[in-house]
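# what shape does this take:
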Amino acid sequence: MTLCTPARTPNRPRVQRPHSPPGGARRLLPAGADVSASIAVFLIALPLSLGIALATGAPLQAGLVAAAVGGLVAGRLGGSPLQVSGPAAGLTVVTAELIQRYGWRATCAITVLAGLAQLALAALRVARSALAVSPAIVHGMLAGIGVTIALAQLHIVLGGTPQSSVTANVLGLPAQLANVRPAALAISALTVAVLLGWPRLPGRAGRLARRAPAALVAVGGATLLAATAGLTVPRVDLPSWSSHALPGLPEGPVLGIAAGVLTITLVTSVQSLLSAVAVDKLVAARPDRGHGVPRSRLDRELAGQGAANMVSGALGGLPVAGVAVRSVANVSAGAVSRASTMLHGLWIVLAALLLVPVLDLIPLAALAALVMVVGIQMVSITHIRTVTRHREVVVYAVTLTGVVAIGLLEGVALGIAVAVAVSMQRLARTRITREERDGRQLLRVRGQLTFLAVPRLSRALHQIPAGSAVTVELDGSFMDHAAYETLNDWTAAHQAHGGAVELTGPTGGRISESPGAPSPAADPGTSSAPPPAPEHPCCRPWTPWHNHQCAELPAPPLAPAEKPPVRTGHQLAHGIGKFQRNTAPLVRDELARLAREGQRPSQLFLTCADSRLVTSMITSSGPGDLFTVRNVGNLVPLPGEESGDDSVAAAIEYAVDVLRVQSITVCGHSGCGAMQALLGAGPDDPATPLRRWLRHGRPSLERMASRRHAWARISGRLPADAVEQLCLTNVVQQLEHLRAYESVARRLADGSLTLHGMYFHVGEAQAYLLSGDEVRGYDDVFDSVPPATLAARAS
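Numbering: from 1, shown residues only. Predicted structure coming up:
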């Protein structure tokens with residue numbers, strides 16, 4: 001059974017360089033996976049590079065130069081080994097505007113300056129600051145660029161010429177539709193049909209055909225149609241490389257040129273860094289968990305992109321950025337090192353030198369249709385759903401509209417302004433209500449108390465009659481200094497006029513004392529105020545699931561004759577109410593999607609019913625991620641031994657055969673009461689339901705006592721006591737019980753299912769994963785896992 005590898009591998013025989021491929025730093029020849037991946041990426045990049053160059057109005061060779069430099073320079077120097085860089089559709093609008101305003105040679109010089117600016121930013125190590133930009137702004141910017149690209153290329157698809165602005169392209173569409181060129185439209189229609197239909201080819205033949213990139217097949221099919229049918233349409237015309245234009249000094253207003261440099265710098269940097277982060281997620285999701293592929297180093301990636309832009313601009317190429325489409329293809333094709341990215345750049349160079357006669361056959365309408373589809377796909381429905389779910393659709397829509405109607409920088413600035421306004425509005429969203437109950441004033445404050453809410457808070461406080469008894473119920477997680485001072489000053493003034501003030505939490509339990517104000521008036525005859533109430537021990541910022549109990553102080557010790565108070569469902573009811581008020585609005589859209597689409601968990605998680613084991617917390621999972629089965633002792637009865645209780649067997653069958661989960665995890669924990677009961681069980685114990693259930697754990701006892709099995713070890717040490725030893729052994733034994741199920745054995749045999757063992761030490765808040773190639777015949781070792789690694793593996 002293939003299980004998770006250890007988090008630490010001591011005594012490593014050889015130190016690898018940061019981004020060297022598996023097998024060591026001295027490897028000279030690229031891995032076979034890198035060669036095949038580079039060819040797949042090359043076949044996608046070649047037509048896209050030509051299409052993007054066409055869309056910008058630059059010489060077509062500029063797209064090939066940028067693709068080659070992106071592969072060779074950014075691929076070698078960048079910090080994301082599997083990211084593929086080149087001319088990006090997201091830069092089309094910016095580059096086209098610069099070419100129209102300053103000319104091509106000046107645009108090349110601006111690209112060089114933008115690369116230099118990226119190198120400076122990398123030296124300042126500010127790469128991660130780019131990730132602070134709201135995703136809604138980034139997605140809105142890309143969607144606006146996509147709309148602009150699609151509208152411009154639609155004119156070429158119909159056989160015409162695009163205009164200089166979005167407004168002109170929209171206004172010119174009626175006239176263009178009245179003068180459609182049938183040949184160009186036929187070629188474009190074929191290209192679009194192949195692009196959309198190729199990934200959906202059914203059957204085994206379809207799977208084999210889909211190995212060829214849809215972009216290459218679409219452009220190749222359109223070229224073949226134009227050649228065989230003798231269609232007269234404009235085609236690619238690559239002039240001699242001897243006449244290729246190189247950069248020249250830009251002429252124009254300094255502020256305009258600086259704005260162009262800033263725009264190229266920001267767009268290429270943000271797009272490349274976000275793409276690098278996405279590549280890391282894709283690599284971690286591969287079946288091998290990205291073994292041997294290091295995570296992206298963002299500052300180095302920014303420096304690599306800067307170097308690539310300087311070289312590309314100096315050689316007369318388009319601006320370079322990390323490209324998501326090519327990077328996804330690279331990861332999906334199984335690339336294991338930066339060699340695949342660099343080889344794809346080499347293939348671009350060879351094609352640009354040797355395949356010019358073939359490239360000259362490509363109709364421009366086919367390239368325009370390709371870029372138009374790419375532009376439409378930049379308006380991602382998935383992104384729209386995401387920003388809607390996070391209530392940022394207004395930011396997305398304003399950014400998109402601004403980019404289309406005004407310009408890129410202006411649209412992004414509008415998006416940032418709206419994002420700040422939305423954040424401020426959320427921060428100030430505080431609900432303050434006042435009512436009278438049983439002769440006492442009740443003021444409820446729900447939400448964050450900041451200076452923005454102070455006017456409403458002050459108004460509500462001063463509406464309370466002087467001298468009255470007041471309860472102020474605070475239900476929020478943050479109070480800034482302005483709100484603190486307002487509440488403090490009012491409390492002191494109200495008490496000075498004979499009033500009584502009590503501050504409570506959301507459960508109604510009293511908070512120890514008012515914020516800085518004197519305690520409520522004591523008996524005039526006493527010399528000091530009563531001592532403040534003790535602080536509740538669970539009030540800690542890192543225990544949010546206890547927040548609803550923090551206002552309730554521990555009960556005092558009971559006298560010998562006293563009976564403990566009867567607990568009610570108040571806490572549970574309050575927790576439900578708090579969920580409905582605070583959490584339900586945030587998760588309602590996601591739960592509605594799951595209700596529509598049904599559950600598709602990736603993992604069956606079988607663990608103990610112990611209340612200290614919170615599966616969503618220790619695995620960083622959410623709704624729809626885990627199919628969870630909990631029982632006393634995390635036991636898996638052997639098939640045929642259920643004796644009327646088929647609940648675990650039914651859950652396994654449903655998860656494996658119906659839900660088609662990809663992995664099953666058995667999770668034990670420290671201090672398991674079931675394991676303690678097993679160790680202390682005697683032959684004469686009464687046959688209670690618990691004892692009958694725990695008989696399924698006897699094989700774990702026998703395994704621990706057997707000399708045929710090595711004792712489990714935990715992160716290189718022996719267990720602390722017999723209970724911990726049995727807890728660890730039980731995880732290993734239950735994994736063997738899982739193998740006895742026919743559905744599990746069948747999925748394991750075809751490689752579509754994996755089994756994992758996990759142990760959670762409650763006292764240490766530390767998770768351990770079982771490592772080893774086989775459960776049988778090896779020491780059973782549980783290795784500690786960093787939280788980020790565990791979250792990635794568990795989800």
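# going by C-alpha atoms from here, please, whenever you check contacts or count neighbours.
Noted.
# the stretch 601-750 of the chain: helices as residue ranges?
Remark: helices of the stretch 601-750 of the chain, listed N- to C-terminal, are 615-619, 647-653, 673-680, 689-694, 698-705, 722-739, 742-749; assignment by DSSP state H, counting those that start in this stretch.
# tell me the most buried of those helices?
Ranked by average neighbour count under the criterion mean count of other Cα atoms under 10 Å, the helices of the stretch 601-750 of the chain are headed by helix 722-739 at a mean of 23.
# could I get the average pLDDT for that helix?
Rounded to a whole number, the mean pLDDT of helix 722-739 is 91.
# excluding its own residues, what touches that helix? List them.
The set of residues that contact helix 722-739 without belonging to it, under Cα atoms under 8 Å, 6 or more residues apart in numbering, is 634-638, 666-672, 675-676, 679, 697, 699-701, 703-704, 711-712, 719, 744-745, 755-759, 775, 780.
# closest one to Ala285 among the helices of the stretch 601-750 of the chain?
helix 615-619 (15.5 Å; Cα to Cα).
# CA atoms of that closest one as CSV?
Extracted in CSV, the C-alpha atoms of helix 615-619 (Å, rounded to 0.1, in the frame of the first residue of the first chain):
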residue,chain,number,x,y,z
THR,A,615,-12.0,16.6,11.6
SER,A,616,-12.6,19.8,9.7
MET,A,617,-10.0,21.6,11.9
ILE,A,618,-7.2,19.1,11.7
THR,A,619,-7.6,18.6,7.9
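# just checking, what packs against that helix?
helix 787-794 (3 or more Cα pairs under 8 Å, 6 or more residues apart in numbering; DSSP states H and E).
# and the helix it packs on, average pLDDT?
In the prediction, helix 787-794 has an average pLDDT of 36.
# pull the helix or strand with minimum mean pLDDT from the chain.
The element with the least model confidence among the helices and strands of the chain, by mean pLDDT, DSSP states H and E, is helix 787-794, at a mean of 36.
# average model confidence for stretch 366-377?
What stretch 366-377 shows for mean pLDDT is 86.
# what are the buried residues along it?
Going by neighbour count (16 or more other Cα atoms under 10 Å), the buried part of stretch 366-377 is Ala366, Leu367, Ala368, Ala369, Leu370, Val371, Met372, Val373, Val374, Gly375, Ile376.
# circling back: next, format the helices of the stretch 601-750 of the chain as JSON lines and append distance to Glu251.
Putting the helices of the stretch 601-750 of the chain into JSON lines (distance: least, Cα to Cα, whole Å) gives the following:
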{"stretch": "helix 615-619", "distance to Glu251": "57"}
{"stretch": "helix 647-653", "distance to Glu251": "71"}
{"stretch": "helix 673-680", "distance to Glu251": "79"}
{"stretch": "helix 689-694", "distance to Glu251": "84"}
{"stretch": "helix 698-705", "distance to Glu251": "80"}
{"stretch": "helix 722-739", "distance to Glu251": "72"}
{"stretch": "helix 742-749", "distance to Glu251": "67"}
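# now do the phi/psi pair for Ala767.
phi -100, psi 140 (degrees, to the nearest 10).
# just the pLDDT for Asp645.
Here, the pLDDT recorded for Asp645 equals 74.
# now, the buried residues of stretch 366-377 that are in helices?
Using DSSP state H to define helices, the subset of the buried residues of stretch 366-377 located there is Ala366, Leu367, Ala368, Ala369, Leu370, Val371, Met372, Val373, Val374, Gly375, Ile376.
# quick one: contacts for the fifth one?
Think Leu370. Leu48, Gly51, Thr191, Val192, Leu195, Ala215, Val219 are the contacts of Leu370 under Cα under 8 Å, 6+ apart.
# ok, the fifth one - how many residues close by?
Taking other Cα atoms under 10 Å as the criterion, the count of residues near Leu195 is 22.
# excluding chain neighbours, what is closest to it?
With Cα to Cα, 6 or more residues apart in numbering as the measure, Ala214 is the residue that lies nearest to Leu195, at 5.4 Å, once sequence neighbours are left out.
# returning to that earlier point: put the buried members of the contacts of Leu370 into a ChimeraX selection.
Buried members of the contacts of Leu370, identified by 16+ other Cα under 10 Å, are gathered into one ChimeraX selection as follows:
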select :48,51,191,192,195,215,219
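# what's the closest of the contacts of Leu370 to Glu597?
Proximity of those to Glu597, judged by Cα to Cα, is greatest for Leu195, which lies at 26.9 Å.
# right, and that closest one touches Ala215 too?
Yes - look at Leu195 against Ala215 with Cα atoms under 8 Å: they come within range, at 6.2 Å.
# can you tell me the helix or strand for Arg434?
Under the criterion of DSSP states H and E, Arg434 resides in strand 431-437.
# quickly run through the sheet partners of that strand, with directions.
Here the strand partners of strand 431-437, with direction, are listed using DSSP bridges: strand 440-446 (antiparallel).
# what residues does the partner strand touch?
430-436, 464, 468-476.
# buried residues in that strand?
Gln441, Leu442, Leu443, Arg444, Val445, Arg446.
# who does the fourth one form a beta bridge with?
Same thing as Arg444. The partner list for Arg444 in beta bridges (DSSP bridges) reads Thr433, Glu473.
# roughly how far apart are it and Arg431?
8 Å (Cα to Cα, to the nearest Å).
# just the first one next, same as before
When distances are taken as Cα to Cα, Gln441 and Arg431 turn out to be 17 Å apart.
# then the third one?
Leu443 sits at a distance of 10 Å from Arg431 (criterion: Cα to Cα).
# next: Leu298.
On the measure of Cα to Cα, Leu298 and Arg431 end up 42 Å apart.
# what's the next secondary structure element after the helix or strand hosting Val35?
Element membership of Val35 [criterion: DSSP H and E] is helix 32-56. Downstream of helix 32-56, the first helix or strand assigned by DSSP H and E is helix 60-69.
# now do the following helix or strand past that following helix: distance to the chain's middle.
Heading C-terminal from helix 60-69, the first helix or strand you meet, by DSSP H and E, is helix 75-77. Taking Cα atoms, centre = their mean, to the nearest Å, one finds helix 75-77 lying 25 Å from the centre of the chain it belongs to.
# ok, now stretch 681-695?
Averaged over its C-alpha atoms, stretch 681-695 has a centre that lies 47 Å from its chain's centre (Cα atoms, centre = their mean).
# please apply the same query to stretch 614-631.
Using Cα atoms, centre = their mean, we find the averaged C-alpha position of stretch 614-631 to lie 18 Å away from the chain's own average C-alpha position.
# before we move on, what about stretch 93-110?
35 Å.
# buried ones in that stretch, by neighbour count?
93-99, 102-110.
# specify the local secondary structure of Leu769.
When the structure is reduced to helix, strand and coil (DSSP: H, G, I helix; E, B strand; the rest coil), Leu769 reads as strand.
# thought it was touching Gly757?
Yes - assessed by Cα under 8 Å, Leu769 is found in contact with Gly757 at 5.9 Å.
# name the helix or strand for the closest residue to Ser269 other than its chain neighbours, please.
Spatial nearest neighbour of Ser269, excluding adjacent residues (Cα to Cα, 6+ apart): Leu302 at 6.5 Å. In this structure, Leu302 is located in helix 298-314 according to DSSP H and E.
# just checking, next helix/strand downstream of that helix?
Moving toward the C-terminus from helix 298-314, the next element (DSSP H and E) is strand 321-322.
# so in that sheet, which strands flank that next one, and in what orientation?
When pairing is defined by DSSP bridges, strand 321-322 lines up against strand 85-86 (antiparallel).
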